[in-house]
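# With the input below, show me the fold.
(2 chains)
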Amino acid sequence: EAQVTQNPRYLITVTGKKLTVTCSQNMNHEYMSWYRQDPGLGLRQIYYSMNVEVTDKGDVPEGYKVSRKEKRNFPLILESPSPNQTSLYFCASSGWGNNEQFFGPGTRLTVL
Amino acid sequence: GNSVTQMEGPVTLSEEAFLTINCTYTATGYPSLFWYVQYPGEGLQLLLKATKADDKGSNKGFEATYRKETTSFHLEKGSVQVSDSAVYFCALNSGGYQKVTFGTGTKLQVIP
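Predicted coordinates for the structure are as follows:
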């Protein structure tokens, strides 16, 4: 089954404790993105990647890092999480020439 | 920069009522336009899309027409069902990159 998977689905952590949210897709897609969803703000893009080793900032990159060492994986790293990063996070992927995005199920992060 | 403006929700309708959710956009060039739907507890999934002016996207009884002259992409459905209750996002993709801009989302609740 074609899908985007994220782990963990739920995470409660404390300020300053480094964490990684994994994202993997099995559709051989070139493009991958991370978004955060907040009430009243919709989805905002954090980072995106156009291929292996090619990443770029989205609209709200501060406090986040990403890497794309393999085509299928695009982890999101919070080196020192803060409470304002409490949010619902989505990973998405799409293929070359097809601009439909396929979304993962989401990761709900709470930073205390 | 690019932007998408959606009508604010929540929108509450009775079953079989007519639905319109307004969406207007600002973008350079010739963007592709999308409607995504998010059911409770799930990630977003593509509902319909249009890639050039005057194109009509349609799916599951929903329709939207790409109007370049009014920079709009309003979502319509002739007869809503309880199962259509969800959050609907208008979005655009401008240029060849996967930098997608989303609206803030409109929550639709359909009551029996």
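
# For the nearest residue to A:Gln37 once chain neighbours are set aside, what is the enclosing helix or strand?
Nearest non-adjacent residue to A:Gln37, counting by Cβ to Cβ, 6 or more residues apart in numbering or on different chains: A:Leu88, 4.5 Å away. Heads up, the C-betas are built off the backbone N, CA and C, glycines and all. If you go by DSSP states H and E, A:Leu88 is part of strand A:87-94.

# As PDB, could you dump the C-alpha coordinates of that strand?
The C-alpha trace of strand A:87-94 is given here as PDB (Å, rounded to 0.1, in the frame of the first residue of the first chain):
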ATOM      1  CA  SER A  87       1.700  21.500  17.400                       C
ATOM      2  CA  LEU A  88       0.400  18.900  15.000                       C
ATOM      3  CA  TYR A  89       3.100  18.000  12.500                       C
ATOM      4  CA  PHE A  90       2.500  16.500   9.000                       C
ATOM      5  CA  CYS A  91       5.000  15.000   6.600                       C
ATOM      6  CA  ALA A  92       4.100  14.900   2.900                       C
ATOM      7  CA  SER A  93       5.600  13.600  -0.300                       C
ATOM      8  CA  SER A  94       4.900  14.000  -4.100                       C
END
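
# tell me which helix or strand of chain B sits lowest on mean pLDDT?
The helix or strand of chain B with the poorest confidence is strand B:100-102; it has a mean of 88 (mean pLDDT, DSSP states H and E).

# Next, count neighbours for the residue nearest to A:Gln37.
If you count neighbours by other Cβ atoms under 10 Å in any protein chain shown, A:Leu88 ends up with 15.

# what's the least confident helix or strand of chain B packed up against?
Under the contact criterion of 3 or more Cβ pairs under 8 Å, 6 or more residues apart in numbering or on different chains; DSSP states H and E, strand B:100-102 touches strand A:42-51, strand B:3-6, strand B:86-93.

# ok, what's across the strand from the closest residue to A:Tyr47 other than its chain neighbours?
In space, and not counting its chain neighbours, A:Tyr47 is closest to A:Val66: 4.3 Å by Cβ to Cβ, 6+ apart. Counting by DSSP bridges, A:Val66 is bridged to A:Leu76.

# Quickly note the distance from the residue minimising distance to the centre of chain A to chain B.
Geometric centre of chain A, nearest residue: A:Trp34, 3.1 Å, by Cα atoms, centre = their mean. Counting by Cβ to the nearest Cβ, to the nearest Å, the gap from A:Trp34 to chain B is 11 Å.

# which element is that residue on?
strand A:31-38.

# now that strand against strand A:42-51, angle please.
160 degrees (axes from the mean of the first three to the mean of the last three Cα atoms, to 10 degrees).

# buried sites along strand A:31-38?
Buried residues in strand A:31-38, counted by 16 or more other Cβ atoms under 10 Å in any protein chain shown: A:Tyr31, A:Met32, A:Ser33, A:Trp34, A:Tyr35, A:Arg36, A:Gln37.

# re earlier: return the residues in contact with the residue nearest to A:Gln37.
A:Arg36, A:Gln37, A:Asp38, A:Gly106, A:Thr107, A:Arg108, A:Leu109 (Cβ atoms under 8 Å, 6 or more residues apart in numbering or on different chains).
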